[in-house]
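S.K.: Okay, here's the prediction I keep looking at, along with the sequence it came from:
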Amino acid sequence: MEESDAGVMTLGVTMRDRTNAGELILEQLYDQYAHALFRYAVSLLNSAEDAEDAVQEVFVKIAREHRRLSRIRNMKAYLFIATRNSAYTLLRSRKRGENLHEELCSDLLTRPASQDDLQSDAICKGFATLPIEQREVLVLHIYDGLTFKEIAKTIGSSISTVTSRYRYGIEKMRKVLALE
């Protein structure tokens with residue numbers, strides 16, 4: 001090992017090289033997950049600004065502790081858990097209610113306008129009627145593709161609790177959309 005202008009050498013890799021690698025990993029994680037994490041945070045916080053803060057806090061924490069990334073087995077689950085924790089911290093600190101509807105709908109329904117705009121409104125209204133626990137399970141499963149097992153780990157509940165919340169949420173949404 002030797003020291004050079006590029007930084008301290010460690011097994012042929014400079015500290016600067018490791019920092020650049022950490023920045024690259026952070027950038028890749030952000031590109032891959034930021035939109036889904038933002039959507040999830042909006043579903044919890046009912047505020048685009050607060051969701052941005054929650055997701056930003058997750059990535060700031062990763063930037064500070066990027067050496068820990070190699071120990072994470074399931075990055076997607078880790079990021080959703082970290083986002084949930086960040087969002088709940090914001091909820092507790094700001095003592096917000098559970099009225100998180102308008103922002104959720106604007107993000108979830110970003111597809112181009114179609115003849116189904118009335119159904120889109122009904123979906124937004126349906127989401128507004130769901131308890132936060134059911135909303136979060138629906139968003140994580142339907143929009144972000146997490147399995148019930150991954151959702152259970154993310155929110156710290158049993159798989160049976162997650163599947164019940166999903167089932168009840170879907171039933172309520174069907175009633176709102178008059179699909180039964």
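M.R.: On my side now, so go ahead.

S.K.: which residue is nearest the middle of the protein?
M.R.: Leu37 (2.7 Å; CA atoms, centre = their mean).

S.K.: can you pull the contacts of that one?
M.R.: 55, 58, 79-80, 83 (CB atoms under 8 Å, 6 or more residues apart in numbering). (Each C-beta comes from the backbone N, C-alpha and C, glycine too.)

S.K.: sec struct for it, please.
M.R.: Under DSSP: H, G, I helix; E, B strand; the rest coil, Leu37 falls in the helix class.

S.K.: and Asn54, how far is that from Glu23?
M.R.: One correction, residue 54 is Ala, not Asn. As judged by CB to CB, to the nearest Å, Ala54 and Glu23 stand 22 Å apart.

S.K.: ok, the contacts of Leu37 vs Arg167, which is closest?
M.R.: Phe80 (20.8 Å; CB to CB).

S.K.: so the closest one makes contact with Tyr40?
M.R.: Yes - Phe80 is within contact range of Tyr40, at 6.4 Å (criterion: CB atoms under 8 Å).

S.K.: intersection of neighbour lists for those two?
M.R.: Listed contacts common to Phe80 and Tyr40 are 140, 144; contacts here mean CB under 8 Å, 6+ apart.

S.K.: Of Ala54 and Glu23, which one has the most company?
M.R.: Ala54 (27 against 12; other CB atoms under 10 Å).

S.K.: other SSEs contacting the one helix or strand the more buried one maps to?
M.R.: Using DSSP states H and E, Ala54 sits within helix 48-64. When contacts are defined as 3 or more CB pairs under 8 Å, 6 or more residues apart in numbering; DSSP states H and E, helix 48-64 packs onto helix 15-45, helix 75-94, helix 101-108.

S.K.: Kindly reformat those helices as JSON lines containing mean pLDDT and distance to Val137.
M.R.: Shown next, in JSON lines, are the helices and strands packed on helix 48-64 (pLDDT from 0 to 100; distance: least, CB to CB, whole Å):
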{"stretch": "helix 15-45", "mean pLDDT": "81", "distance to Val137": "10"}
{"stretch": "helix 75-94", "mean pLDDT": "88", "distance to Val137": "12"}
{"stretch": "helix 101-108", "mean pLDDT": "51", "distance to Val137": "14"}
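
S.K.: possible to save those as a markdown table with distance to Val139?
M.R.: Converted to a markdown table, the helices and strands packed on helix 48-64 look like this (distance: least, CB to CB, whole Å):
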| stretch | distance to Val139 |
| --- | --- |
| helix 15-45 | 4 |
| helix 75-94 | 10 |
| helix 101-108 | 7 |
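
S.K.: Go through the ones you listed and name the closest to Thr163.
M.R.: helix 75-94 (17.4 Å).

S.K.: relative to helix 15-45, how tilted is the closest one?
M.R.: Counting by axes from the mean of the first three to the mean of the last three CA atoms, to 10 degrees, helix 75-94 lies at 60 degrees to helix 15-45.
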